[in-house]
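Asker: Sequence plus predicted model, see below.
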Amino acid sequence: MRVFQAKKLDEAISLALAQVEPVAETEEILSTGAYGRILAQAIVCPEDIPGFARSAMDGYAVRAQDICGASHEDPVTLKVIGSVEIGQDPRALSRVAEGEAMEVPTGGPIPPGADAVVMLEETERQSSDTVRIFSAGVAGTHVLAADSDFQRGERVFRAGHRLRAVDLGALLAMGVLSVNVYRRVRVGILSTGDELVEAERTTRPGQIRQINSHILRSLLEAQGAHGFADGIVPDDRKKLEAAVQQAVSEHDMVLLSGGSSVGSRDWTLDVLRKLGEVFIHGLQIKPGKPTIFAVIEKKPVVGLPGNPVSCAIVFEKFVRPVLARRSGLKVLLPSHRLASAHLTQTVRSVIGREDFVAVRLRLDDERGILYAEPVLGHSNNISTLARADGVLSVPADLEEIPQGAQVWVELL
Ligand code: AMP
Ligand code: MG
């Protein structure tokens, strides 16, 4: 009898993470192509950005002391000495002296001498060279300082941060044109099962199309890793052993689907035990219980259940953190967007096991309420997830979530 001591998900993740190191190699790449990549260096801002003071409003650049006490009842009249064009070099602008103002557009540089901007709405042009000011201000009013975006020497990103679209914008705004990132993690994918045939082939009764490697490869790509589908391995101990050895030698990490349970044709556990060290066999989750975590030649190897729904859920809940550590990522945030919804019917679970339930979202337009409706159907079938908009969790310490309760749904 083989041991099957299922672990709580969070304990299993900590246990696994303690065994995983980031890939050692890093590469210098252009910031413009760094979307989704993980920084291997901290980014320190090389210069003040924007580097010159600029106006936050359309209005007049003035000396704050000149408009002290200005109001609608008691306006101040200033002499207009010209106007600033957006994009102009502030060093070429004439100086705003006592009693003077210069027209300035939003984003335009603040001319020397001026230290505040009065917005257009608080002024009235009287003639080509005089303007009345109806509001007071202090130095800095409606002015974006030269270092208002980023300060020289400021640490903007830590090593281990995954670059988002806005982060690329920040890098380029600072003139940081290239970055050192971890190389993408290469993950080998093996599908096991005598009943499987590649989806392109014709099937006869008794056979099913192999889909897990395609699901896993897409999920890996979404995490910035490269997945390599290394084919279908029959339920044969020797062949599986050879295939795992080969995959481990070629990749940074290996995922196997199928054969991870304790059936007579399930060889994954035996093979992983033989080739390396098995740390986890079994997670206290549903679906996804028959999951194995092993380390072979310092590389993480995960045996996922063959059931495609379990396989996808185990990837998201267990593989993703392991992959993140291997990729060099320091902070793991939920990868999916969350929707808050009201449950249309009670979902039941058992204490001590975390359940993941596929739900469809339905918006009640009139009342503006979002409902989460559990998708009926066998949890083994991929159609259950294909018909769903997201997944909700029934935590291990709850027996049920009652109808009407507000739940967070992770969108698929
Ligand atoms: P196993 O974990 O090997 O017992 O497989 C559980 C169920 O998932 C079985 O019904 C398998 O036929 C099915 N299955 C296993 N691997 C795949 C795969 N790669 N694609 C589709 N279904 C699979
Ligand atoms: Mg199988």
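Answerer: It's in. Ligands and ions are numbered 1, 2, ... in the order given.
Asker: Which strand or helix spans the closest residue to ligand 1 within the stretch 251-400 of the chain?
Answerer: Nearest residue of the stretch 251-400 of the chain to ligand 1, counting by Cβ to the nearest ligand atom: Gly306, 2.5 Å away. For every residue, glycine as well, the C-beta is placed using N, CA and C. Gly306 is part of no helix or strand, with elements assigned from DSSP states H and E.
Asker: what's the closest non-adjacent residue to it?
Answerer: What sits nearest to Gly306 in space, not counting adjacent residues and going by Cβ to Cβ, 6 or more residues apart in numbering, is Gly258, at 3.1 Å.
Asker: cool, and Glu122?
Answerer: Excluding the flanking residues, the one nearest Glu122 by Cβ to Cβ, 6+ apart is Ser135, at 4.2 Å.
Asker: In contact with that neighbour: list those residues for me.
Answerer: The neighbours of Ser135, taking Cβ atoms under 8 Å, 6 or more residues apart in numbering as the test, are 67, 70-71, 118, 122.
Asker: and the two most separated of those?
Answerer: Spatial extent of the contacts of Ser135 (Cβ to Cβ) is set by the pair Ser71 and Val118 at 12.0 Å.
Asker: just so I have it, where are all the helices in this protein?
Answerer: With DSSP state H as the definition, the chain shows helices at residue ranges 9-17, 165-173, 212-222, 237-250, 268-275, 308-314, 320-327, 382-386.
Asker: Can you add mean neighbour count and mean pLDDT and give those back as TSV?
Answerer: Written out in TSV, the entries for the helices of the chain read as follows (neighbours: other Cβ atoms under 10 Å; pLDDT from 0 to 100):
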stretch	mean neighbour count	mean pLDDT
helix 9-17	17	96
helix 165-173	15	98
helix 212-222	19	97
helix 237-250	17	98
helix 268-275	21	97
helix 308-314	26	96
helix 320-327	23	97
helix 382-386	16	96
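Asker: which residues touch the residue of the stretch 101-250 of the chain found nearest ligand 2?
Answerer: Across the stretch 101-250 of the chain, the shortest distance to ligand 2 (Cβ to the ion) belongs to Gly193, at 3.9 Å. Taking Cβ under 8 Å, 6+ apart as the criterion, Gly193 is in contact with 210, 232, 234-235, 258-259, 306.
Asker: Keep only the residues you listed that also lie close to ligand 2.
Answerer: The overlap between the contacts of Gly193 and the neighbours of ligand 2 (Cβ under 5 Å from the ion) comes to 258-259, 306.
Asker: Which of these sits closest to Lys286?
Answerer: The shortest approach to Lys286 among the ones next to ligand 2 among the contacts of Gly193 belongs to Gly306, at 15.4 Å (Cβ to Cβ).
Asker: where does the stretch 1-150 of the chain have low pLDDT?
Answerer: Low-confidence regions of the stretch 1-150 of the chain, defined by pLDDT under 70, span residues 1-4.
Asker: Report the contact partners of the residue of the chain positioned farthest from its centre.
Answerer: No residue in the chain sits farther from the centre than Ser127, which is 54.8 Å out by Cα atoms, centre = their mean. Ser127 sits next to no residue when contact means Cβ under 8 Å, 6+ apart.
Asker: Tell me what it is bridged to.
Answerer: As for beta bridges, Ser127 partners with Thr130 under DSSP bridges.
Asker: What is the neighbour count of the residue of the stretch 251-400 of the chain closest to ligand 1?
Answerer: Using other Cβ atoms under 10 Å, the number of residues around Gly306 comes to 25.
Asker: so who does it touch?
Answerer: Each residue near Gly306 by Cβ under 8 Å, 6+ apart is listed here: 191-193, 212, 257-260.
Asker: give me that answer again for 10 Å
Answerer: With contacts taken as Cβ atoms under 10 Å, 6 or more residues apart in numbering, Gly306 has the following neighbours: 191-193, 195-196, 208, 210, 212, 256-261, 266, 268, 290, 380.
Asker: One more: Leu411?
Answerer: The contact partners of Leu411, taken as Cβ under 10 Å, 6+ apart, are 336-339, 361, 388-391.
Asker: Partner strands of the top strand by length along the chain and their direction?
Answerer: Assignment by DSSP state E gives strand 354-364 as the longest strand of the chain. According to DSSP bridges, the neighbouring strands of strand 354-364, each with its direction, are strand 285-286 (parallel), strand 369-374 (antiparallel), strand 390-394 (antiparallel).
Asker: Quick one, which of these gets closest to Leu30.
Answerer: With Cβ to Cβ as the measure, strand 390-394 is the member of the strands paired with strand 354-364 nearest Leu30 (35.2 Å).
Asker: How about residues contacting that closest one?
Answerer: 9, 285-286, 309, 312-313, 316-317, 336-339, 341, 343, 347-350, 353-361, 372, 374-375, 385, 400-401, 405, 407-412.
Asker: Quick one, which of the residues you listed are buried?
Answerer: When neighbours are counted using 16 or more other Cβ atoms under 10 Å, the contacts of strand 390-394 contain these buried positions: 9, 285-286, 309, 312-313, 316-317, 339, 341, 343, 347, 349, 353-360, 372, 374-375, 385, 401, 407, 409-410.
Asker: Return only those of these found close to ligand 1.
Answerer: On the criterion Cβ under 6 Å from any ligand atom, none of the entries of those sits beside ligand 1.
Asker: circling back to that earlier point, among the contacts of Ser135, the buried ones, what's the PyMOL command?
Answerer: The PyMOL command for the buried members of these (criterion: 16+ other Cβ under 10 Å) is given here:
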select buried, resi 67+70+118+122
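Asker: From the contacts of Ser135, pick the one nearest Arg162.
Answerer: For those, the minimum distance to Arg162 (Cβ to Cβ) is 42.8 Å, reached by Val118.
Asker: ok, that closest one touching Val80?
Answerer: No - at 11.9 Å, Val118 does not count as touching Val80 under the criterion of Cβ atoms under 10 Å.
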